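Asks: test case, fold it:
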Amino acid sequence: MALNQLQLSLQFARHPEASAHRAALPRHQVARWIRHALALDAEITVRIVGTEEGQQLNRDYRHKDYATNVLTFDYQQEPTVCADLVLCAPVVEREAQEQGKTLAAHYAHLLVHGTLHAQGWDHETSEEDAREMEAYESAILQELGFADPYAGER
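Replies: The predicted structure follows:
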């Protein structure tokens, strides 16, 4: 499988959990996970933030006043995917613990999920779209050596 080209910027905001999350996200792994979800070449910024910044972005852009796990800001889908993926470290860590996953496994899932959103995939408009996106995410994650993140939900 030929992987697409990726220009990646990986950023860590200053927050108390930053060092543990930086250790779970080596740049080469982040790039590998994102590349497996790409159908085109891409320029993607991944920013790991604390609760305050995550909540502010979710409130300002989605009008939901809480920090969520991943926000995708897609600016262009063709000929090159251009997007920002913002992941809230405390939310990702809590979800990983609740789901019995490693931090890296949950980040891999959310980065694949966000990368698919950046390319126009959607799971909020219909059940059929959600099933299709989840199946594709599962296939990508299994190809990367991770368990199916939706196995317990089906």
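
Asks: would you indicate which residues of the helix or strand containing E128 are buried?
Replies: Secondary-structure assignment from DSSP states H and E places E128 in helix 127-143. Residues M133, E134, E137, S138, I140, L141 are the ones in helix 127-143 that count as buried (16 or more other CB atoms under 10 Å). (Glycine included, C-beta is placed from N, CA and C.)

Asks: also stretch 68-76?
Replies: Neighbour-count burial for stretch 68-76, with 16+ other CB under 10 Å as criterion, is recorded at T68, N69, V70, L71, T72, F73, D74.

Asks: wasn't the fifth one part of a strand?
Replies: Right, T72. Yes. Using DSSP: H, G, I helix; E, B strand; the rest coil, the assignment for T72 is a strand.

Asks: I44 versus that one, what's the distance?
Replies: In this view, T72 and I44 are 10 Å apart by CB to CB, to the nearest Å.

Asks: quick revisit: looking at the buried residues of helix 127-143, which one is closest to E78?
Replies: Top of the list for closeness to E78, among the buried residues of helix 127-143 and by CB to CB, is M133 at 18.9 Å.

Asks: who are the packing partners of the lowest-mean-pLDDT helix or strand in the chain?
Replies: Here the helix or strand of the chain ranked lowest by mean pLDDT, DSSP states H and E is helix 18-24, holding a mean of 89. Helix 18-24 sits against strand 6-12, strand 42-49, helix 89-99, helix 103-118, with contacts defined as 3 or more CB pairs under 8 Å, 6 or more residues apart in numbering; DSSP states H and E.

Asks: after it comes which helix or strand?
Replies: Elements were assigned by DSSP H and E; along the chain past helix 18-24, the next helix or strand is helix 27-36.

Asks: ok, and for that following helix, which residues are buried?
Replies: Residues V30, A31, W33, I34, R35, H36 are the ones in helix 27-36 that count as buried (16+ other CB under 10 Å).
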